[in-house]
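# Here is the input, now give the coordinates:
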Amino acid sequence: MKNKQYKSIKEVSNLLNIKEHVIRHWDSIDPKTNKLRFSGLSTRSKSGIRYFNNENIKNLEQLKNVLFENGKHMYSLDLANKLIKSKKYKNIDITKQKNIKKTELNQSNTNHNKIEIILNKLKNLAEI
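Numbers count the residues shown, from 1 in each chain. I've put the predicted structure just below:
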């Protein structure tokens, strides 16, 4: 299959492991403000069909990573939009973020192990 310039919502959904209805929600108009919830997520045809180019897919992936850090829903869509638009966030490389979090987890596990050792020693002292 040749590399297409635009992908359908189903293809993007499978590629990024995001349900289609979630992508539609992110790319829809907020009834309170009458503005797009998040701009730049898709390109639409005159009939309203969503198509996604490589930049749209990068935007969706970045939004997904901000919204679901560590597999948990971290921010609202509005706050995630503000974070992504800020210059501070744009300079952060997602792969560096993942490496930092792995390091933090390793340190946390090491600290947890030290605490367990100390607790075991205290229990042994209490038995004496």
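
# can you pull out the strands in this protein?
Ranges of strands in the chain, per DSSP state E, are 29-30, 35-36, 43-44, 50-51.

# Within the sheet, what are the partner strands of the third one, with directions?
Which is strand 43-44. strand 50-51 (antiparallel) (DSSP bridges).

# got a list of contacts for the partner strand?
With contacts defined as Cβ atoms under 8 Å, 6 or more residues apart in numbering, strand 50-51 is touched by Y6, K7, S8, I9, I23, R24, D27, S42, T43, R44, S45. (C-beta placed from N, C-alpha, C; glycine too.)

# swap the cut-off to 6 Å and go again
Under the criterion Cβ atoms under 6 Å, 6 or more residues apart in numbering, residues Y6, I9, S42, T43, R44 lie in contact with strand 50-51.

# what's the answer for stretch 67-85, then?
R37, F38, Q62, V66, Y89.

# Over to stretch 6-25?
So stretch 6-25 is in contact with R50, Y51, F52, N53, L60, E61, K64, going by Cβ under 6 Å, 6+ apart.

# Right, I'll call it a day here.
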